[in-house]
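**Student:** Dropping the sequence and predicted coords here.
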Amino acid sequence: MRIVVADPLAYSDSFERALRAALPSADFVRWPDLADGAEYDLLVAWHLPKEMIALPRSLRAIFCFGAGTDQLLDDPRIPADLPIARLQDQGQAEQLLDYAMHAVFARLHDDIVIRADQHARLWRQPDRQNRTRGSLRAAVLGLGPLGMHVAQGLSAAGFLVSAWSRSVRRIDGVACQYGDDGLGACVDGADVLVNLLPSRPETKGILSDCLFSRLAPGAYVVNLGRGDHLDEEALRAGLDRGWVGAAWLDVFPVEPPPAEHWFWGHERVRLTPHRAGLPTPRGAAASIAAVVAALESGRPLPGLVRPGRMIGN
């Protein structure tokens, strides 16, 4: 099987070693190191390179080198009947949980307030006992595989967790809400809001003043979904009004944000360069190998987000 890898994150010796160990008989080619008109069976990419004008007729599936697939689903260059499967990487899921856990623990200990006091050289004794994990509410939006892992992990750590999805989900230890009526109930009084939704027309701007006004005063907002989920002006207003105590942002409509963007200089915005959950060599290689095995045996592809034609071996 010939596999074209078209993602810079996979252009490393560690990824190549892991891929060749998982699929020793496969022929791997990095984009664009292949002849014009060359045929191949599987394309590994988070998005199609701009220079990739046409896909070969031999292509049997696309493997999304990441959790979010909207950029592939919306690409007109990809035939509607071509299967798309996404990365299933436990290492990536653990990284996202770590990031969310970092933000939740920061809220537990009033990190932003303490950092501001330090900057001002202000020594203030606490006026109450430190909060316990069991008294802090975290709301998770999105219960795909990654969102589910984050919700379960926060609950296992002892936090009160609610979660929201478009359709019914059930998770032990998590108060699951769903549908339009469940969104408000999920976020009401939450101390931390963690977004892991996919990008859809109906989720654009979902992180808005309507949600921020329902959070506990000073809540932290953590965006790990997509940049277009966040209403940036609503966030600024929420920070000014005290509805939002801090924002932890890892995804943006334009990456990186323009140098003049207000995110860069705001004292209560924690900006990270889209690194909360990166594919791991071992996890990605195992996930790609599972897709290849399914293609070769005619079984359904693991992590399938869009079914399509199945081409014979």
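**Tutor:** The structure has been received and is ready for your questions. Every value quoted in this text rests on a predicted model; they were computed, and no experiment measured them. Residues are numbered from 1 along each chain as shown.
**Student:** measure residue 158 to residue 108 for me?
**Tutor:** Per CB to CB, to the nearest Å, residue 158 is found 10 Å from residue 108. Yep, even glycine has a C-beta here, placed from its N, CA and C like the rest.
**Student:** do the same with residue 207
**Tutor:** From residue 207 to residue 108 the distance is 21 Å (CB to CB).
**Student:** Which residue of these two possesses the greater neighbour count?
**Tutor:** Comparing residue 207 with residue 108 by other CB atoms under 10 Å, the one with more neighbours is residue 207, at 27 against 19.
**Student:** Might you report the residue contacts of the residue lying closest to that one once chain neighbours are set aside?
**Tutor:** Excluding its sequence neighbours, the residue lying closest to residue 207 (CB to CB, 6 or more residues apart in numbering) is residue 230, at 4.5 Å. By CB atoms under 8 Å, 6 or more residues apart in numbering, residue 230 lies in contact with 195, 205, 207, 223, 249.
**Student:** now swap in residue 209 and tell me
**Tutor:** For residue 209, the contacting residues are 231, 234, 237-238, 243, by CB under 8 Å, 6+ apart.
**Student:** Show the backbone phi and psi for it.
**Tutor:** The phi and psi torsions at residue 209 (degrees, to the nearest 10) take the values phi -60, psi -30.
**Student:** Could you do the one 10 residues further on as well?
**Tutor:** Backbone dihedrals for residue 219, given as degrees, to the nearest 10, come out at phi -60, psi 150.
**Student:** That one and residue 245 touch, don't they?
**Tutor:** Yes. With contacts counted by CB atoms under 8 Å, residue 219 reaches residue 245, the gap being 6.0 Å.
**Student:** any common contacting residues for these two?
**Tutor:** Both residue 219 and residue 245 are contacted by residue 107, under the criterion CB under 8 Å, 6+ apart.
**Student:** Same drill for the two, tell me which one is more crowded.
**Tutor:** Neighbours per residue (other CB under 10 Å) separate residue 219 from residue 245, with residue 219 holding more: 27 against 23.
**Student:** how near is residue 19 to residue 151?
**Tutor:** From residue 19 over to residue 151 (counting by CB to CB), the distance is 31 Å.
**Student:** Next: residue 127.
**Tutor:** Distance check for residue 127 against residue 151: by CB to CB, it reads 32 Å.
**Student:** Please identify which of those two sits among more neighbours.
**Tutor:** Summary of the neighbour comparison: residue 127 and residue 151, criterion other CB under 10 Å, with residue 151 having more neighbours (32 against 5).
**Student:** Tell me where the chain has helices.
**Tutor:** Taking DSSP state H as the criterion, the chain carries its helices at 13-22, 70-73, 90-108, 111-119, 145-156, 179-187, 209-212, 232-241, 281-297.
**Student:** most packed of these?
**Tutor:** Using mean count of other CB atoms under 10 Å, the stretch among the helices of the chain with the greatest mean number of neighbours is helix 145-156 (a mean of 23).
**Student:** And for it, what's in contact with it?
**Tutor:** Under the criterion CB under 8 Å, 6+ apart, external residues in contact with helix 145-156 comprise 67, 88, 92-94, 96-97, 100-101, 104, 138, 140-141, 143, 161, 163, 165, 169, 171-174, 194, 196-197, 277.
**Student:** could you give the angle of that helix to helix 90-108?
**Tutor:** Orientation note: helix 145-156 sits at an angle of 50 degrees relative to helix 90-108 (axes from the mean of the first three to the mean of the last three CA atoms, to 10 degrees).
**Student:** Tell me the gap between helix 145-156 and the middle of its chain.
**Tutor:** Relative to its parent chain, helix 145-156 has a centroid offset of 13 Å by CA atoms, centre = their mean, to the nearest Å.
**Student:** Stretch 172-181 too?
**Tutor:** Going by CA atoms, centre = their mean, the spacing between the C-alpha centre of stretch 172-181 and its chain's C-alpha centre is 19 Å.
**Student:** can you check stretch 223-238 too?
**Tutor:** In terms of CA atoms, centre = their mean, the centre of stretch 223-238 is found 15 Å from the chain centre.
**Student:** Please apply the same query to stretch 244-254.
**Tutor:** So, by CA atoms, centre = their mean, the centroid of stretch 244-254 is 13 Å from its chain's centroid.
**Student:** End to end on it, go ahead and measure it.
**Tutor:** 23 Å (CA to CA, to the nearest Å).
**Student:** For that stretch, report the contacting residues that lie outside it.
**Tutor:** Stretch 244-254 is contacted from outside by 99, 103, 106-107, 111-113, 212, 215, 217-230, 235, 238-239, 263, 268-276, using CB under 8 Å, 6+ apart.
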